[in-house]
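**Student:** Sharing a model that was predicted from the sequence below.
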Amino acid sequence: MRREPHVLFDNGTHQCLLFDDLVRGEGVQTNQFLITDHGQYLLLDPGGDLTYTPLSLELSKRISLQELTYIFASHQDPDIISSLGKWLLHTKAKVLCSKLWARFLPHLTANYLAMSHGISTYDRIIALPDRGDSIALGRCQLKAVPAHFLHSVGNFQLYDPVSRILFSGDMGASLVDDATPVRDFASHIPHMDAFHRRYMASNKVCRLWVGMVRNMKVDMIVPQHGRPFVGKEMIDAFLNWVEHLECGIDLLGPADYQLPK
């Protein structure tokens, strides 16, 4: 039986929900998020066909899909935004994504949207500049935070200054089956280590990101896969780990670039 979403934050007019058990079958576990503020709604990283139907059903219990204001795509991966065509058809939401992916996302949508429904994918996209931007939702201002090369070349995270939650995309992702908060950081590292070493571009980028986050007011870091980091102790432990992580091109050498036998 499907669980109720986790309520990450709710002050009566501003709410953040996490859906963590919608994937069935062979797909990797993913987290989807709904942020609401004074009657406007943002859906964060809605996923692909594996999550579209269960996610849309869960959302319909809470809002009219036609009232969805934004869809935020942190980057271009299938588990992030490959259900785009269905959301364009069944909602009026604008899609926020990096300017680097704005001309590529139409490849995820079928031609019948334009031919039969008059829907232009590109016209529904708000292309974010590399420096990021503010996003007005209800009476708050969400922040699209640069996280390029962590792991995508055009990558954004979403910071909510009301809840002080940083929705961190693949940064902090863990290969587990649920989104309960991390309690023991040392025992959690094996669930993150291999993923971060392969998918994050380099230690230099990790250090730049850590420096940015340390200057933000963050009470929770919530990745798109696995468990969030809640409270100063766990957030500091994660930032210290990432800051010293060798990953991506740091680990490559001549042996990685040879003609296969």
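**Tutor:** Arrived safely, thanks for sending. Numbering: from 1, shown residues only.
**Student:** Tell me where the stretch 101-250 of the chain has strands.
**Tutor:** Assigned by DSSP state E, counting those that start in this stretch, the stretch 101-250 of the chain shows strands spanning 125-128, 133-137, 140-146, 156-160, 165-169, 220-223, 229-230.
**Student:** Parallel or antiparallel, which strands does the first one pair with?
**Tutor:** Strand 125-128 sits in its sheet next to strand 94-98 (parallel), going by DSSP bridges.
**Student:** what angle separates the partner strand from strand 140-146?
**Tutor:** For the pair strand 94-98 and strand 140-146, the angle between their directions (axes from the mean of the first three to the mean of the last three C-alpha atoms, to 10 degrees) equals 30 degrees.
**Student:** and strand 94-98, what's its mean pLDDT?
**Tutor:** In this model, strand 94-98 has an average pLDDT of 96.
**Student:** what's next to that strand, contact-wise?
**Tutor:** The contact list for strand 94-98 (C-beta atoms under 8 Å, 6 or more residues apart in numbering) reads 69-73, 75-76, 81, 84, 87-88, 105, 124-128, 130, 135, 144, 152, 154-156. C-betas here are computed from N, CA, C, even on glycine.
**Student:** now it and strand 133-137, what's the angle there?
**Tutor:** Compare the direction of strand 94-98 with that of strand 133-137 by the same axes, to 10 degrees and you get 160 degrees.
**Student:** just the helices in the protein please.
**Tutor:** With DSSP state H, the ranges of helices along the chain come out as 49-60, 78-81, 84-90, 112-117, 185-188, 193-199, 203-214, 232-243.
**Student:** State the distance from R124 to A73.
**Tutor:** The gap separating R124 from A73 is 12 Å, by C-beta to C-beta, to the nearest Å.
**Student:** out of those two, which sits in the busier spot?
**Tutor:** A73 (25 against 20; other C-beta atoms under 10 Å).
**Student:** OK, contacts around the more buried one?
**Tutor:** Residues touching A73, when contacts are defined by C-beta under 8 Å, 6+ apart, comprise 45, 80-81, 84, 95-97, 101, 105.
**Student:** Check L251 too.
**Tutor:** Contacts for L251 were tallied using C-beta under 8 Å, 6+ apart; they are R197.
**Student:** And it, how far from L142?
**Tutor:** Applying C-beta to C-beta, the value for L251 to L142 is 34 Å.
**Student:** residues near A237, how many?
**Tutor:** A237 has 17 nearby residues by other C-beta under 10 Å.
**Student:** my guess is it meets R183, correct?
**Tutor:** No - here A237 does not reach R183: they are 11.2 Å apart, not a contact under C-beta atoms under 8 Å.
**Student:** Beta-bridge partners for the spatially most central residue of the chain, please?
**Tutor:** Nearest to the geometric centre of the chain sits G169, at 3.6 Å (C-alpha atoms, centre = their mean). When bridges are called by DSSP bridges, G169 pairs up with P223.
**Student:** need the contact list for it.
**Tutor:** 45, 74-75, 147, 150, 155-157, 223-224.
**Student:** nearest to T36, of the residues you listed?
**Tutor:** Within the set of the contacts of G169, D45 lies nearest T36; the separation is 16.1 Å, counting by C-beta to C-beta.
**Student:** Select the helix or strand of the chain having the lowest average pLDDT value.
**Tutor:** helix 112-117 (a mean of 68; mean pLDDT, DSSP states H and E).
**Student:** Below-threshold pLDDT in the protein: ranges please.
**Tutor:** 1-2, 24-27, 110, 112, 114-115, 119 (pLDDT under 70).
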